[in-house]
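In: Coordinates only, no sequence provided:
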């Protein structure tokens, strides 16, 4: 009988098409979107299990056949130049037969690259942690969040989720675990426990096993680098083989770095550290020859480590060790020689081929470096004491390590933005003093829901903003009413109008230099991360992807009402940087991010308002993000009437005249706002009256 994969059934008549991990993952995401969290857990767990089953099966088949490649009987007699291709053909046939014995005949192996990438980057755990939480399984929610965070250290929303889970009474931080932790990591950590407990026999046993598991994991990683490669063009046979081989070679040389991730901590000297523990343990049980060999192996991998060189001197002078006992172990020699050959070939390729800029930029860094170990070893005059630095090996719960913000190296905040005819990035259009003046206005009169709820801009659409944040704002019309009611000084209104005009002229200059644009709406708005725990997915946005003059639908952007189809241009002026998250992102029609803008005081982004400028805002993790947003039309009919009324109000005040009642009435009609509401906000915001007109 054929062994079936996870969730697969046998049929004696017509085989039933089995669901692979891509099918199950798709079903799980649909269940999540339908709020069917129980099915979400079941199907995504099944998807992860099937992905592991499939990759384990294929990896082991590839490794087995690779090891047998020299034993395949040759059919060649006279053409040695094609021997490598014969080996490749035999190996491919071997893998196909191996998979056939294990995988179902009805299994579909053609998987979309995006799905494969999702599983490799542990994205299914993003959905799974939310579904676990919604079903009340809080310990597993913490486990899933931790697992995702181990492989995605810059995922700030997941970090906040993990903090939330860790604070729940049902969650024990000491047993939060990485659900994808490799065997060698678990064995290694057990070995360090034996080191601290001074159980030297157990340390030897577990570290030797961990070393075998590590080397096997690297072999499996390397054979898995034999994967598809889209060259973006159609070269001839030899060029195609050379390019694909180089792609696979770079992948293989990156395996060591990928395997050195210990639950979010990267150990640059992981392989030598196995021999460090072993040499000390072998010495402690009296096996000096084995200790010397591990010392020699460590120095073979890391020849400049002074403490280990001191250990070697001790073995020679005190223990009388024979020089040949320091010869490195075979597995380390094979590892280094292979690494040296591959590096030499890669150096030749890079020095003798002309790669385009994209290829050079995507080149992985060297995976192994002979850096000095940070593990301190002391050589006492009276006794050999090869103790490893206690600071490095203090055990702490995995989740607490990950939650240490100083543990991570975050990328520099740099815009990834390509200017086009439809979008421009304009730095420093206002000063820090002007930014602060606008922030003062926001702190004074901005209030929750302004601009979207129970206002003329409320078109009955679903709220595009996340529930994990508080959105507050103020418009020109409402600020003018605060001035009219005598609740704030008129100079605040003048400041807002002046900065709005700067934005309008700068936008016109860059996007419509030959035609006047008219402001249709001005909104000073702040987004604030709500205090307390928040649970949200990586895909959740502060402001969902949208276009400013049409409604995004499946295959189109619909300009019909309630869309603001009259908008032609948009502008966003950022006022501060004292927050985390909140980046502006642009996306293509598939909602894949193409550009990222990091907000900071005085930076403005201007763009056309149509479907060519799909954009959104990433979640605010901590702090408050403030922006002055404006939208424009080429049609004067849609010009914002509040601007003219606000200017008239200021003119009357400057002339020391009482503004006519009609200004107030017009503004109240336009804003759906009145004095009672304004006074309630004034009380809430602590406004002190400057005097009533």
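Out: Happy to help now that I have it. Small disclaimer: the values here were computed from a predicted structure and weren't measured.
In: Wasn't residue 601 part of a helix?
Out: No - counting by DSSP: H, G, I helix; E, B strand; the rest coil, residue 601 falls outside a helix, being coil.
In: What residues are bridge-paired with residue 624?
Out: Taking DSSP bridges as the rule, residue 624 bridges to residue 528.
In: ok, it - how many residues close by?
Out: 19 (other Cβ atoms under 10 Å). Where you see a C-beta, it was placed from the backbone N, CA and C, and this is true even at glycine.
In: residues of stretch 589-603 that come out buried?
Out: By neighbour count on 16 or more other Cβ atoms under 10 Å, the buried set for stretch 589-603 is 593, 595, 597-603.
In: And for stretch 207-220?
Out: Quick answer for stretch 207-220 (16+ other Cβ under 10 Å): 207-211, 213-215, 217-220.
In: ditto for stretch 672-687
Out: Neighbour-count burial for stretch 672-687, with 16+ other Cβ under 10 Å as criterion, is recorded at 673, 675, 677-678, 681-682, 687.
In: gap between it and the chain center?
Out: Computed by Cα atoms, centre = their mean, to the nearest Å, the separation of stretch 672-687 from the middle of its chain amounts to 41 Å.
In: helices and strands of this protein: which one bottoms out on pLDDT?
Out: strand 378-379 (a mean of 34; mean pLDDT, DSSP states H and E).
In: what about residue 570, distance to residue 601?
Out: Distance, residue 570 to residue 601, by Cβ to Cβ, to the nearest Å: 20 Å.
In: which stretches of the stretch 101-250 of the chain form strands?
Out: Remark: strands of the stretch 101-250 of the chain are absent; assignment by DSSP state E, counting those that start in this stretch.
In: Could you pull out the helices in it for me?
Out: Taking DSSP state H, counting those that start in this stretch to define them, one finds helices in the stretch 101-250 of the chain at 113-120, 124-134, 138-151, 156-166, 183-196, 200-223, 237-253.
In: Tabulate the ones you listed (CSV), appending mean pLDDT.
Out: Formatted as CSV, the helices of the stretch 101-250 of the chain follow (pLDDT from 0 to 100):
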stretch, mean pLDDT
helix 113-120, 88
helix 124-134, 92
helix 138-151, 92
helix 156-166, 87
helix 183-196, 90
helix 200-223, 93
helix 237-253, 87
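In: Now do the strands in the stretch 451-600 of the chain.
Out: 469-475, 518-529, 543-546, 551-552, 557-558, 569-574, 579-581, 584-587, 593-597.
In: From the chain's centroid, how far away is the fifth one?
Out: Right, strand 557-558. 30 Å.
In: Paired strands for that strand, with orientation please.
Out: When pairing is defined by DSSP bridges, strand 557-558 lines up against strand 551-552 (antiparallel).
In: contact partners of the partner strand?
Out: Contact with strand 551-552 is made by 461, 545-546, 557-560, 562-563, 611, 614, as judged by Cβ atoms under 8 Å, 6 or more residues apart in numbering.
In: neighbours around residue 472, how many?
Out: For residue 472, using other Cβ under 10 Å, the count is 22.
In: Grab the longest helix from the protein for me.
Out: The residue-count maximum for a helix in the chain (DSSP state H) belongs to helix 37-67.
In: Who are the packing partners of it?
Out: Helix 37-67 sits against helix 21-33, helix 83-102, helix 124-134, helix 200-223, with contacts defined as 3 or more Cβ pairs under 8 Å, 6 or more residues apart in numbering; DSSP states H and E.
In: and of the buried residues of stretch 207-220, the nearest to residue 310?
Out: Minimum distance to residue 310 across these is 21.3 Å, recorded for residue 207 (Cβ to Cβ).
In: helices or strands up against the host helix or strand of residue 646?
Out: Using DSSP states H and E, the element containing residue 646 is helix 641-654. If you count contacts as 3+ Cβ pairs under 8 Å, 6+ apart, helix 641-654 packs onto helix 476-484, helix 490-511, strand 518-529, helix 661-671.
In: Next, the angle from the last one to helix 476-484.
Out: Right, the one you point to is helix 661-671. Here the directions of helix 661-671 and helix 476-484 differ by 140 degrees (axes from the mean of the first three to the mean of the last three Cα atoms, to 10 degrees).
In: oh, and call the first residue 53 from now on, that's how I've got it
Out: All right, first residue 53 from here; so that's helix 713-723.
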